[in-house]
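Student: Task: produce atomic coordinates for the following.
(one chain, ligands or ions: 1)
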Amino acid sequence: MAWDPKLYGRFAAPRLRPALDLLTGVPDMPAGRIVDLGCGSGVLMGPLTSRWPDATVTGVDSSDEMLALARKDHPAADWPQVDWVNADIVTWQPAAPPDLIVSNAALHWVSDHELLFPRLLDGLAEGGVLAVQVPGNFDQPSHRIIRDVTDQGPWRGRVPARPAGILEPRAYSDLLADKATSVEIWETVYHHVLTGQDPVFEWLRGSALRPILAALNEGEIEPFEALCRNALAQAYPPRPDGSVAFPFRRVFIVARR
Ligand SMILES: C[S@@+](CC[C@H](N)C(=O)[O-])C[C@H]1O[C@@H](n2cnc3c(N)ncnc32)[C@H](O)[C@@H]1O
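Tutor: Take a look at the predicted model:
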C-alpha cells in the first residue's frame, strides 16, 4: 500500500507526541541494537540516537515512499549508526537479537497480535524491551464512519477491512505475562486540536483511509471521499474559531524479556 509521507506529516506534531511518550516508558537500559518496526519516515531516529548514542538503529518499513523520505532526512554521512530495511514486519528477522524494539503507530496494520507480540518478545536479547504504541480508537465516530461508508456504496465488499485493529489492553497483559519479566500497559486519550479544512478527514486520508482509497476505482474516489468528508464534519464540527477537537485514544505496551 502506498503511503503519502507529505500528507501523513501534515499532522506531524500530534502524531509525534505519543511516540515520545512511549519512549519515556522505556526503562533506562544499555542498548547496542535497536529496531524501529514500521519506522515510517524515521521520526524516532533523532530521539533514539540521542538517548542511545552508541547503538545501531535499524528502521524497518514496507513503504518505499516512507523509506525514501527517511533516507533523505537521515543521510548516511550524518547518521552512520542508522540503517533502513524495506521489509514486512510479519516476516522480517533481525540478524541478531535486538536490545530494544520500538514500534509507534504501526502494528495495528498487522494482524494476529496473539502470535506477533510473543514472537517479538522472544526475539529480544536477554533483558531486552519491546515498546509499542497503537491507536485504540477503532470504536470512535471516525472509524465507525469509515466502516459505514465502506458498507454503503458500490464498493461494498471490495475494499479491504484494514487497519487490522488491536486487542484489548488486558489481552496484551495476558499474552506477555508468562514470557516477560515486567509488563507495563497504559492508555492515553489525546485531545488533539486540529485546524484547516476538514482536518479529521485529512488526518484519516493520510492513514486509515489509504488502503480503502487505493482499492477504489478512479470514479469512486470522489463520491467516497465526499460521503466521508460530510459525515466526519458533522461528527467533529468546527468550533467558533474554526478549530476541531479530535479525541484520540492510544494504547502503550512496554514489556521486558
Ligand atoms: C502510521 S505510520 C507510522 C510511522 C512511524 N512509526 C511514525 O511514528 O511516524 C505506519 C507505518 O507502518 C508501516 N507498515 C504498516 N504495515 C507494515 C508491515 N506489515 N510491514 C512493514 N511496515 C509496515 C507503514 O508503511 C507506515 O510507514
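
Student: And stretch 8-21, what's buried?
Tutor: Buried residues in stretch 8-21, counted by 16 or more other Cβ atoms under 10 Å: 8, 9, 10, 11, 15, 16, 18, 19, 21. For glycine as for every other residue, the C-beta is placed from the backbone atoms N, C-alpha and C.

Student: Among these, which ones are in helices?
Tutor: Cross-referencing the buried residues of stretch 8-21 against helices under DSSP state H gives 8, 15, 16, 18, 19, 21.

Student: tell me which of these is nearest to residue 41?
Tutor: Distance to residue 41 across these (Cβ to Cβ) is lowest for residue 8, with 7.7 Å.

Student: hang on, the earlier thing: hmm, which two among the ones in helices among the buried residues of stretch 8-21 are most spread apart?
Tutor: Using Cβ to Cβ, the pair of those lying farthest apart is 8 and 21, separated by 18.8 Å.

Student: Any stretches of the stretch 101-250 of the chain with poor pLDDT?
Tutor: For the stretch 101-250 of the chain, the stretches flagged by pLDDT under 70 are 161-162.

Student: Next to the ligand, which bits of it? Give me the list.
Tutor: By Cβ under 6 Å from any ligand atom, the residues of the stretch 101-250 of the chain that approach the ligand are 104, 105, 106, 109, 110, 207.

Student: which of those residues tops the neighbour count?
Tutor: In terms of neighbours by other Cβ atoms under 10 Å, those top out with residue 104 at 26 neighbours.

Student: looking at it, that residue is touching residue 18, isn't it?
Tutor: Yes. Under the criterion of Cβ atoms under 8 Å, residue 104 makes contact with residue 18 at 6.8 Å.

Student: so what's in contact with the two at the same time?
Tutor: Shared contacts of residue 104 and residue 18 (Cβ atoms under 8 Å, 6 or more residues apart in numbering): residue 133.

Student: Pick out the residue of the stretch 151-257 of the chain closest to the ligand.
Tutor: residue 207 (5.4 Å; Cβ to the nearest ligand atom).

Student: quick one, what contacts the residue lying closest to that residue once chain neighbours are set aside?
Tutor: Nearest residue to residue 207, sequence neighbours excluded (Cβ to Cβ, 6 or more residues apart in numbering): residue 8, at 6.6 Å. Shown in contact with residue 8 (Cβ under 8 Å, 6+ apart): 15, 40, 41, 66, 206, 207.

Student: Over to residue 97?
Tutor: Shown in contact with residue 97 (Cβ under 8 Å, 6+ apart): 33, 123, 124, 125, 128.

Student: pLDDT at the one residue in the chain that gets nearest to the ligand, what is it?
Tutor: For the chain and the ligand, the shortest gap (Cβ to the nearest ligand atom) falls at residue 40, measuring 2.5 Å. At residue 40, the pLDDT value in this model is 97.

Student: what about it, neighbour count?
Tutor: When neighbours are defined as other Cβ under 10 Å, residue 40 has 24 of them.

Student: before we move on, what about residue 249?
Tutor: Applying other Cβ under 10 Å, we find 14 residues neighbouring residue 249.

Student: Now name the helix or strand holding it.
Tutor: Assigned by DSSP states H and E, residue 249 falls within strand 244-256.

Student: Do you have the strands of this protein handy? List them.
Tutor: Under the criterion DSSP state E, the chain carries strands at the ranges 33-37, 56-61, 82-86, 100-104, 129-135, 182-194, 244-256.

Student: That concludes my questions; thank you for your assistance.
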